[in-house]
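Undergrad: next come a sequence and a model predicted from it.
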Amino acid sequence: MKNIVTILIAFVCFVGIANAQTDAKAKAILDALSTKMNALETMKFEFAYTMENTAENIKETKTGSIYINGDKYRLYIDDQLVICDGKTVWTVFKEENEVQINSVDPSNQNTPNKMLTSYNDNYKAKFIKEMPKAGMIIQVLDLTPITAQSFYKVRLEIDKVQNMVFSSTVYDKNGTTYTYIVSNFVANPKIFESRFIFNKADFPGISENDMR
């Protein structure tokens, strides 16, 4: 599975963009999306994830969900669970019954909250087209990194009426694509603080790998 940071990049609903290099239509769409996200205290997404590389005949599909409250999040995807309280990240590998513990990097712009709401100088956005899809009017945008990354593009498909991301696809330089389709979005769900803290008692016999 791709590194969890890239998973979160792919699942972005709003990536920081450089205004000077973003066309006016793309900016207006992303501004509206950012305003909606900023107005929410908590959010929950359910999604389907597909990794595909046609040259290597690889296609893998998983489902997942993520709960977000500011810099805190709880991400489920297949046999992996990631919990962050804003300071510490616990990555649980269920099959191995192991948890890796890392400190949050304060300079990291790839946290869900920062990607959902922040502006920075790392990306430029371009409006591609508007089209009907799955009973919706979809606005298609391409986000390209200004600095070198392992991927060269993120394509966003945004539901125009609901002002919400329908899908996002990361195009890796190795020919692999990582696509996330949002199957359900919940605005301001009630989330107990305990969801953002790793409780060892919930995982009997788990081994800890503290990498801080």
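TA: Structure received.

Undergrad: for the longest helix along the chain, which positions count as buried?
TA: The single longest helix within the chain, with elements called by DSSP state H, is helix 24-38. Neighbour counts over helix 24-38 (16 or more other Cβ atoms under 10 Å) mark 26, 29-30, 33-34, 36-37 as buried. The C-beta positions use only the backbone N, C-alpha and C, and glycine is treated the same way.

Undergrad: now the residues you listed in TSV, with distance to Ser150 and pLDDT?
TA: As requested, the buried residues of helix 24-38 are exported to TSV (distance: Cβ to Cβ, whole Å; pLDDT from 0 to 100):
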residue	distance to Ser150	pLDDT
Ala26	23	88
Ile29	26	88
Leu30	23	84
Leu33	25	83
Ser34	25	79
Lys36	29	84
Met37	25	80
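
Undergrad: from the residues you listed, pick the one nearest Ala55.
TA: Ala55 has its nearest neighbour among these in Ala26, at 30.3 Å by Cβ to Cβ.

Undergrad: what ranges does the protein have for its helices?
TA: Assigned by DSSP H, the helices in the chain fall at 4-10, 24-38, 112-117.

Undergrad: and for Lys153, nearest residue in space, chain neighbours not counted?
TA: Tyr171 (4.4 Å; Cβ to Cβ, 6 or more residues apart in numbering).

Undergrad: tell me, how many residues neighbour the one you found?
TA: Summarising burial for Tyr171: neighbours were counted as other Cβ atoms under 10 Å, giving 17.
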